[in-house]
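Colleague: Give the three-dimensional model of this entry:
(one chain, ligands or ions: 1)
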Amino acid sequence: MLRGGQTMESAAQGGPRLAPADQALALAIAGETLRRVPLLDRLIDGATRQALPEDSKARMVLRLALAQRVALHVPDHALVATALPLVEGGPRRLVHGVLGTLLRGSLPDADLGALPVEVAERWTKAWGEAAVAAAARAIVRRPPLDLSFKDDAAAKAFAEAEGGVVVAERHVRLADSRAVTGLPGFEAGDWWVQDLSSTLPARMIPADATRVLDACAAPGGKTLQIAAAGHEVTALDRSESRLARLRANLHRIKLGATIVTEDVLAFAPAEPFDAVLLDAPCSATGTFRRHPEVLFRASPRIIAESAELQGRLLEASAAWVRPGGSLVYAVCSLEPEEGEDRIAAFLAARTGFALAEQRRVLPGEREEEGGMDGFFTARLVRQG
Ligand SMILES: C[S@@+](CC[C@H](N)C(=O)[O-])C[C@H]1O[C@@H](n2cnc3c(N)ncnc32)[C@H](O)[C@@H]1O
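Modeller: The predicted structure follows:
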């Protein structure tokens, strides 16, 4: 992931086939390492005479071993026994020596997270130190399990029965992550998993909008919300495999939508929509609590490329909004270039749209209730 910019999911698929318990442990070690790389590097650098290259195998293996000790409380003999074979025929002596020194000393047992240095600097400039400190706390905290419900009464009854909290209309938060398939209402299709932040854009769609286009729809969290709210949804995405997941989700929740496999940039609807939701592809840095690897992938170049594409997708989607209708834009990103700046640039470059509402979610929001993913969403109205 650090070298190739892969997601955890694709890295796991590309690796060797492991038994489920080993796969879960491997993912836990990788995730806990990514949640505290600068902290682990400080420990490693404090125990080596010459700094190990950033990308060296010795540094990678030491990070993995130390994360097991500070975050997963793996016994020393076990983590040494899994680290050394990784450097057999290579820097085995060095890794053994550094690990020995560190494990004999007092390692922080603290649940301290650390954002990659470049991300901390970027976000301090954009959002200030309090948001960065909140993000460092959040990256090592297990996020709650958030469920969106088809029906508000069912949400309230579920919260009461399962010890959850209704944190918004049709939305229940469970403090601890449980196996979702075992929760009541899974088979019946009463709810789906969705972070509270991700529910904000669909809540901005005016109640009187009849025909709604979900322009980057798969795997369908927002499509489900829009359909559950009673709108007629057209769900468009260019990825057939992701649309297969959207179809399966609609089937389980027993809701309907017209599905279109198409590129936003090539789509030509027969008639305009009352509302268009563009949940644009983005760096996804707001989802760092569940996917810490996003912080290492989102280089300034990737963010700039993503922002450029978002500008084009916004222009294309704007053309399908009827006069008086709404265009809702959303990104699960903590980069202003993908959020506030995109909307400002869109409004500066054309007439005919006005900003109706805008919402930014930063790390630290509702922290005592389990927090929220970083997010940005805005609603524009097409003037008639
Ligand atoms: C942020 S995800 C959407 C998540 C979805 N709205 C949900 O709530 O479950 C972005 C989606 O945009 C799709 N996408 C990216 N570029 C596209 C394009 N040019 N045309 C159509 N879909 C695109 C991707 O396949 C991906 O499914």
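Colleague: Which strand or helix spans the residue sitting furthest away from the middle of the chain?
Modeller: Within the chain, the residue lying farthest from the chain centre (Cα atoms, centre = their mean) is residue 93, at 38.8 Å. In this assignment (DSSP states H and E), residue 93 forms part of helix 92-104.
Colleague: which strands and helices sit next to that helix?
Modeller: helix 37-46, helix 57-72, helix 76-83 (3 or more Cβ pairs under 8 Å, 6 or more residues apart in numbering; DSSP states H and E). C-beta coordinates here come from the backbone N, C-alpha and C atoms, glycine included.
Colleague: residue contacts, residue 151?
Modeller: 170, 190, 228 (Cβ atoms under 8 Å, 6 or more residues apart in numbering).
Colleague: How about the residues of the protein by the ligand?
Modeller: Within the chain, the positions near the ligand by Cβ under 6 Å from any ligand atom are 198, 216-222, 237-239, 242, 263-265, 279, 281.
Colleague: Show me which residues of the lengthiest helix in the chain are buried.
Modeller: In the chain, taking DSSP state H as the definition, the longest helix is helix 300-318. In terms of neighbour count (16 or more other Cβ atoms under 10 Å), helix 300-318 has its buried residues at 303, 306-307, 310-311, 313-314, 316-318.
Colleague: Residue 359 versus the residue in the stretch 1-150 of the chain positioned nearest to the ligand, what's the distance?
Modeller: Shortest the stretch 1-150 of the chain-to-the ligand distance, computed as Cβ to the nearest ligand atom: residue-wise this is residue 148, at 10.2 Å. With distances taken as Cβ to Cβ, to the nearest Å, residue 148 is found 17 Å from residue 359.
Colleague: Compare those two (neighbour count), which wins?
Modeller: Of the pair residue 148 and residue 359, residue 148 is the one with more neighbours under other Cβ atoms under 10 Å, namely 26 against 16.
Colleague: Show the contacting residues for the spatially most central residue of the chain.
Modeller: Central residue of the chain (Cα atoms, centre = their mean): residue 287, 2.5 Å from the mean position. If you count contacts by Cβ under 8 Å, 6+ apart, residue 287 has them with 195, 294, 332, 373-374.
Colleague: hmm, try it at 7 Å
Modeller: With contact taken as Cβ atoms under 7 Å, 6 or more residues apart in numbering, residue 287 is in contact with 294, 332, 373.
Colleague: cool, and residue 265?
Modeller: By Cβ under 7 Å, 6+ apart, the contact set of residue 265 is 312, 316.
Colleague: got it, and the one 4 residues further on?
Modeller: By Cβ under 7 Å, 6+ apart, the contact list for residue 269 reads residue 320.
Colleague: Kind regards, and thank you for your time.
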